[in-house]
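**Q** Sequence and predicted structure below; questions after.
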Amino acid sequence: MTRKAAMRMRHRPTSRSDRVADEEGSTLPLVIFFGVLAIVLIVVVVASTSLYLERKRLFTVADGAALAASEVWSLETVRVDGDAFAFDLDDEAVHDAAAAYLADAATELDDVELVHAGSTDGRTATVTLRTVWRVPIANDLLPVEVPIEVTATARSVFH
């Protein structure tokens, strides 16, 4: 046996307890890394879920405003076109109805802005709303504010 091989044999752990004592603390950096990774993942999932729910809430309000705006016509404006009845929605009346709906319904949402409310074809009401989503857990990983804009349409039919 050479001198080098003898030195390796002398420094090699002989029992299991020597090997365990030799490797003590080697998993601590992994535990710390995966703990931080888990916390970051939880924060990102919470923030993205909050953004999704805020957008769905805003879309629900926009859908209700479009529905209310599409029903703003009166019976005096209905005319007969062949076998069907027709009417025209007024852009100003659509805007006023959407604004009135927002005044009543958007109390749980902050800073909801009515971007556009009108009718392109006289039968369909289109409502566009905008708000700003704020991250629930402020940190350096995620943006603090994200603008959200949704558009909903509703058509009124008279039979």
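**A** Yes, it's here.
**Q** Going by C-alpha atoms from here, please, whenever you check contacts or count neighbours.
**A** OK.
**Q** All the strands of the chain, residue numbers only.
**A** 79-81, 84-86, 113-119, 124-134, 145-155 (DSSP state E).
**Q** Next, format those as a markdown table and append mean neighbour count.
**A** Formatted as a markdown table, these follow (neighbours: other Cα atoms under 10 Å):
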| stretch | mean neighbour count |
| --- | --- |
| strand 79-81 | 10 |
| strand 84-86 | 12 |
| strand 113-119 | 20 |
| strand 124-134 | 22 |
| strand 145-155 | 16 |
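**Q** So which residue is dead centre in this structure?
**A** The residue lying closest to the centre of the chain (Cα atoms, centre = their mean) is residue 52, at 2.2 Å.
**Q** quick one: low-confidence parts of this structure?
**A** Low-confidence segments of the chain (pLDDT under 70): 1, 3-25, 74-79, 83-86, 106-108, 141-142, 158-159.
**Q** and the longest helix for it?
**A** helix 28-70 (DSSP state H).
**Q** separation between the residue nearest to the centre of the chain and residue 150?
**A** Residue 52 sits 12 Å away from residue 150, taking Cα to Cα, to the nearest Å as the criterion.
**Q** what do you get for residue 95?
**A** 16 Å.
**Q** Kindly report the same for residue 46.
**A** 22 Å.
**Q** hang on, residue 65 packs against residue 94?
**A** No. At 9.3 Å, residue 65 does not count as touching residue 94 under the criterion of Cα atoms under 8 Å.
**Q** Looking at those two, which is more packed in?
**A** Neighbours were counted for residue 65 and for residue 94 using other Cα atoms under 10 Å; residue 65 has more, 31 against 28.
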